[in-house]
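**Student:** how would this look folded up:
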Amino acid sequence: MLKFKLSLLIFCLHSVAIASPVVDRACEKISNKLGSVDFAECHTNRLTDSGYQSQLKQPLLIKEYPPLKRRQPQARILLLGGIHGDEYSSVSIAFKWMNKLNRYHSGLFHWKVVPLINPDGLLRKHSRRTNANGVDLNRNFLYGSDSNASLNYWKKRTRKDKRRYPGPEPLSEPETQWVTQLIKDFDPDAIVAIHAPYGILDFDGPHKAPNHLGPLHLKLLGTYPGSLGNYAGLQLGKPVITIELPYAGIMPTDAEISKIWVDLVRWLKRNVRGKKKNSTLIRAESDKH
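**Tutor:** Prediction:
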């Protein structure tokens, strides 16, 4: 019993030492909004403040699972949730997968996880797809040399649908500026973007797409000017796996969450390999961010 109490005390002291008031306030807001993510789950994931903020000055949080000693990671993977603020499940499932990485991170991949790109859209009283400026962040990325392509597409093809407004110009929003910089700095070998509620699997970029991940089957939705899939998949040549969960407000079952994850890791293992880099150099680069 004494040993147990001492271990508990050490754990608590360690938790206090690494606690960040900024991150804890963000976790409190997230847990108050999402029934499937409680404060303890958010807190124990030990997210870090990226140093970047949303339009309303909310911190953009990130979690890294870096290379392990004596193992060269096969590739670098960027996992992104909550780019649309009304897709609750896309944020919640990112936390569930972080829980798995907390237990099973083997060093096979070097992961960076952003569970919530659009806190302003999610954390308002009535959550919405767009950010605080009314911009669809998944239409605000760069599109080649044509800076007007996304806006022209929005006007002509969507009839100025407010939910899909791409912003006045590419990268007008702090959230997409950060994700773009993150992609540049981290240089992922694959990107996994979580959405809802189409209940399918989408794919952009090189490599053969997975036929299915768990219950989600491949159905290509096409690419749109300013989307992450278009920017990273087609322009940068990085495979972008877009997971469209069946419901925005209802989580998949635990078994489905696990199956999607297992199939995703299996596909990444078979298909994605990064450039060979010295593991010491990778850790040094990771420390800078």
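**Student:** who's in contact with the residue nearest to Pro239 when sequence neighbours are not counted?
**Tutor:** In this structure, Pro239 finds its nearest non-sequential neighbour in Gly205, 4.3 Å apart by Cβ to Cβ, 6 or more residues apart in numbering. Using the backbone N, CA and C atoms, a C-beta is placed for each residue, glycine as well. Neighbour list for Gly205: Gly229, Ala232, Gly233, Leu234, Leu236, Gly237, Lys238, Pro239, Val240 [criterion: Cβ atoms under 8 Å, 6 or more residues apart in numbering].
**Student:** phi first, then psi, for Gly205.
**Tutor:** Dihedral pair for Gly205: phi 100, psi -170, per degrees, to the nearest 10.
**Student:** with Gly229 instead?
**Tutor:** phi -60, psi -40.
**Student:** can you read off the pLDDT for it?
**Tutor:** At Gly229, the pLDDT value in this model is 97.
**Student:** quick one: residues contacting the residue lying closest to it once chain neighbours are set aside.
**Tutor:** Distances taken as Cβ to Cβ, 6+ apart put Asp204 closest to Gly229, at 3.7 Å, once the chain neighbours are dropped. Asp204 sits next to Thr223, Gly229, Asn230, Ala232, Gly233, Leu234, Pro239, Val240, Thr242 when contact means Cβ under 8 Å, 6+ apart.
**Student:** pull out the buried members of the contacts of Gly205.
**Tutor:** Gly229, Ala232, Gly233, Leu234, Leu236, Lys238, Pro239, Val240 (16 or more other Cβ atoms under 10 Å).
**Student:** pretty sure Ile62 is in a strand, no?
**Tutor:** Yes - assessed with DSSP: H, G, I helix; E, B strand; the rest coil, Ile62 lies in a strand.
**Student:** in the stretch 1-150 of the chain, which ranges drop under the pLDDT threshold?
**Tutor:** Along the stretch 1-150 of the chain, segments meeting pLDDT under 70 span 1-19.
**Student:** can you map out the helices along it?
**Tutor:** For the stretch 1-150 of the chain, the helices defined by DSSP state H, counting those that start in this stretch cover 2-18, 21-33, 39-44, 88-104, 119-122, 149-157.
**Student:** output the second one as PDB, nothing but the C-alphas.
**Tutor:** Provided in PDB are the C-alpha atoms of helix 21-33 (Å, rounded to 0.1, in the frame of the first residue of the first chain):
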ATOM      1  CA  PRO A  21      -2.500  26.400 -17.700                       C
ATOM      2  CA  VAL A  22      -3.000  27.300 -21.400                       C
ATOM      3  CA  VAL A  23      -3.500  23.600 -22.300                       C
ATOM      4  CA  ASP A  24      -5.600  22.900 -19.200                       C
ATOM      5  CA  ARG A  25      -8.000  25.800 -20.100                       C
ATOM      6  CA  ALA A  26      -8.300  24.500 -23.600                       C
ATOM      7  CA  CYS A  27      -8.900  20.900 -22.300                       C
ATOM      8  CA  GLU A  28     -11.700  22.300 -20.000                       C
ATOM      9  CA  LYS A  29     -13.400  23.900 -23.000                       C
ATOM     10  CA  ILE A  30     -13.100  20.800 -25.100                       C
ATOM     11  CA  SER A  31     -14.400  18.500 -22.400                       C
ATOM     12  CA  ASN A  32     -17.300  20.800 -21.700                       C
ATOM     13  CA  LYS A  33     -18.300  20.700 -25.400                       C
END
